[in-house]
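1. Got a sequence here, can you build the structure:
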Amino acid sequence: MSSNDHSGQEPGYEKGVISLPGAVALGSGVMIGAGVLAVTGQIAELAGALFPLAFVAAAVVSSLSAYSYIKLAKAYPSAGGIATFLEKCYGEGVLTGGLALLMYLSMVLNQSLVARTFGTYALQLFNVPPQSVLVPVLGVALLLGAMVVNLIGTATVERLSLITAAVKIGGLVVFAGAILWLSNSGIHLGTSAPHNTGIASLLGSVALGVLAYKGFTTITNQGAELVEPRKNVGRAIIISIAVCAALYLLVSLAVASQLTVPEIVKARDYALAQAARPFFGDVGLWFTVGFAVIATSTGVMVSVFAVSRMLAMLTKMELVPQGDFGMPGSVQQHAVVYTVAIAIVLTAVADLSRIASLGAIIYLAMDIGIHWGVITKVRGETEAVVWVPALAIVLDIAVLGGLVWVKIGSDTTLVAAAIAVFALVFGGEWLYLRFAAPTDS
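-> As a prediction, the model looks like this:
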């Protein structure tokens, strides 16, 4: 198939309806929802007493990665975001379709991760264990609610994001600040980990930490609707990463001041709630759960908002099949329904640990493809400095290799699932483009 320009073919999107604060709220909303709430325990399990530093290292990796996305967004602002970027790099073929689908799946996995985190925290009020069937039930209910909000329209999503962004950021600052002040900074960074922490485990923990920041990529999907996108997409990404990095470090230090590493690992799915108990008791628990419910629910809502736009762009590019199954509405609204349907299945069948690890593996592989495209295909158009995406590739490979190495030793089923996903995505894309895709007119 020949490469076509789809940047202007985005019916259904209103130009200039998302402000810079709105874009920051949307991006940070996804990040905070999938950040310290969802992966703190898993990162502590791999990094041991160094887990707060894993969040810092992940911020560095994500910041270097953000360079390529900012350059691409400035050159090719589009509601398709990463789908458009890949098309500009590799044309409309198997590589573009496969890598874009990897990004799509990583975001859907992110939604499932956050949805299950929502269920886990909400049930802490009733002393229900995280293994309860009610966790996925609540997660599915959240996803259905996010679908309804997204079908209402863009303005609704932005207004809710702006309101809840202030609540989430303020809630984290109050939570962490109060705990650190009352504990006199008695941080347990010297506490032994439940096992010896090696280089591979540390690198793997950084890979999981990247999940806490990858939400910045959703900002690129707002190119068609953001005010002055060539300027504000980059600004929104930088601000979002900086704000979340500061918050994650503050919160992780607060958790470390109250819980040992084994205690964090034991309460891996609800570590923040557990850290609030020593000083604040039931009041702290209610506060933390309330904050978690707000953070995760809006995180899912914003993630569905962004990733559905990318799937709609892939449909317009004729890189994925199109079918409305008799549903009314636009292609983008259909994409919302499909996205939530897949997330519901994942929420129902997978646990938090495997969702997070699989999401990190898929995302990092896609991220490498983005940087390689910038270096080899669109360096001139984007005016990118080569060493930055090159360094981002090196770091991506390092942390991805560490995570895969750890999982080979502890969860071969996950590694097999990741291999199967890559085979199905690229194999399915090849078959579709070879036999089923519409031909060019």
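
2. buried residues in the host helix or strand of residue 334?
-> Element membership for residue 334, per DSSP states H and E: helix 331-349. The neighbour-count check on helix 331-349 (16 or more other C-beta atoms under 10 Å) flags 331-340, 342-344, 346-347 as buried. Using the backbone N, CA and C atoms, a C-beta is placed for each residue, glycine as well.

3. How about the contacts made by residue 210?
-> Applying C-beta atoms under 8 Å, 6 or more residues apart in numbering to residue 210 gives the contacts 58, 61, 62, 360, 363, 364, 399.

4. Redo those residues as TSV? Include pLDDT.
-> Formatted as TSV, those follow (pLDDT from 0 to 100):
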residue	pLDDT
58	97
61	97
62	97
360	96
363	96
364	97
399	98
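
5. So which of those is the closest to residue 219?
-> residue 62 (12.5 Å; C-beta to C-beta).

6. Find the helix or strand that that closest one is a member of.
-> Counting by DSSP H and E, residue 62 is part of helix 51-75.

7. The helix or strand that that helix is followed by packs against which elements?
-> For helix 51-75, the following helix or strand on the C-terminal side (DSSP H and E) is helix 82-90. With contacts taken as 3 or more C-beta pairs under 8 Å, 6 or more residues apart in numbering; DSSP states H and E, helix 82-90 sits against helix 51-75, helix 94-122, helix 271-316, helix 352-376.

8. does residue 398 really touch residue 203, like I thought?
-> Yes: counting by C-beta atoms under 8 Å, residue 398 touches residue 203, with 5.7 Å between them.

9. Tell me which of those two has more neighbours.
-> Neighbour comparison, residue 398 and residue 203: the larger count goes to residue 203, with 24 against 16 (by other C-beta atoms under 10 Å).

10. For the more buried one, give me its contacts.
-> Counted by C-beta under 8 Å, 6+ apart, residue 203 has contacts 398, 399, 401, 402, 403.

11. Looking at the third one now. What's its pLDDT?
-> The reference is to residue 401. Looking at residue 401, its pLDDT reads 97.

12. Just the buried ones out of the contacts of residue 203, please.
-> For those, buried by 16+ other C-beta under 10 Å: 398, 399, 402, 403.

13. now those residues in a markdown table, with distance to residue 294 and secondary structure?
-> Shown next, in a markdown table, are those (distance: C-beta to C-beta, whole Å; DSSP: H, G, I helix; E, B strand; the rest coil):
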| residue | distance to residue 294 | secondary structure |
| --- | --- | --- |
| 398 | 35 | helix |
| 399 | 30 | helix |
| 402 | 33 | helix |
| 403 | 30 | helix |
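
14. which of the residues you listed lies closest to residue 220?
-> residue 399 (21.4 Å).

15. mind showing which ranges of the stretch 151-300 of the chain have poor pLDDT?
-> Counting by pLDDT under 70, the stretch 151-300 of the chain has low-confidence residues at 153-159, 161-162, 184-197, 223-224.

16. again, only this time at 80
-> 152-166, 168, 182-197, 221-225, 278-282, 284 (pLDDT under 80).

17. With respect to burial, which of the helices and strands packed on helix 82-90 scores highest?
-> Among those, the stretch with the highest mean neighbour count (mean count of other C-beta atoms under 10 Å) is helix 94-122, at a mean of 27.

18. name the helices or strands packed onto that helix?
-> Packing partners of helix 94-122 (3+ C-beta pairs under 8 Å, 6+ apart): helix 20-33, helix 36-47, helix 82-90, helix 134-152, helix 271-316, helix 331-349, helix 352-376, helix 412-431.

19. quick one on the thing from earlier: tell me which strands and helices the helix holding residue 334 is in contact with?
-> By 3+ C-beta pairs under 8 Å, 6+ apart, helix 331-349 packs against helix 94-122, helix 134-152, helix 271-316.

20. of all these, which lies closest to residue 262?
-> Among those, helix 271-316 comes nearest to residue 262, with 11.8 Å by C-beta to C-beta.

21. That closest one to helix 36-47, inter-axis angle?
-> 100 degrees (axes from the mean of the first three to the mean of the last three C-alpha atoms, to 10 degrees).

22. how big is the angle separating helix 271-316 from helix 82-90?
-> Using the same axes, to 10 degrees: helix 271-316 against helix 82-90 is 60 degrees.

23. In contact with residue 142, which residues?
-> Shown in contact with residue 142 (C-beta under 8 Å, 6+ apart): 115, 118, 119, 296, 297, 300.

24. now do residue 405
-> Applying C-beta under 8 Å, 6+ apart, the residues contacting residue 405 are 200, 204.

25. Check residue 113 too.
-> Contacts of residue 113 by C-beta under 8 Å, 6+ apart are 34, 38, 211, 352, 355, 356, 359.

26. Residue 118 is in contact with the fourth one, correct?
-> Right, the one you point to is residue 352. No: taking contacts as C-beta under 8 Å, residue 352 lies outside contact range of residue 118: 11.2 Å.

27. how close does the nearest residue to residue 101 once chain neighbours are set aside sit to residue 431?
-> Using C-beta to C-beta, 6 or more residues apart in numbering and skipping residues adjacent in sequence, the residue nearest residue 101 is residue 425, 4.9 Å away. As for residue 425, its distance to residue 431 is 11 Å (criterion: C-beta to C-beta, to the nearest Å).

28. Could you do residue 36 as well?
-> For residue 36 relative to residue 431 (C-beta to C-beta), the value is 41 Å.

29. ok, back up a step: between the buried ones among the contacts of residue 203, which sits nearest residue 245?
-> residue 399 (16.2 Å).

30. contacting residues for that closest one?
-> 61, 203, 204, 206, 207, 210, 364.
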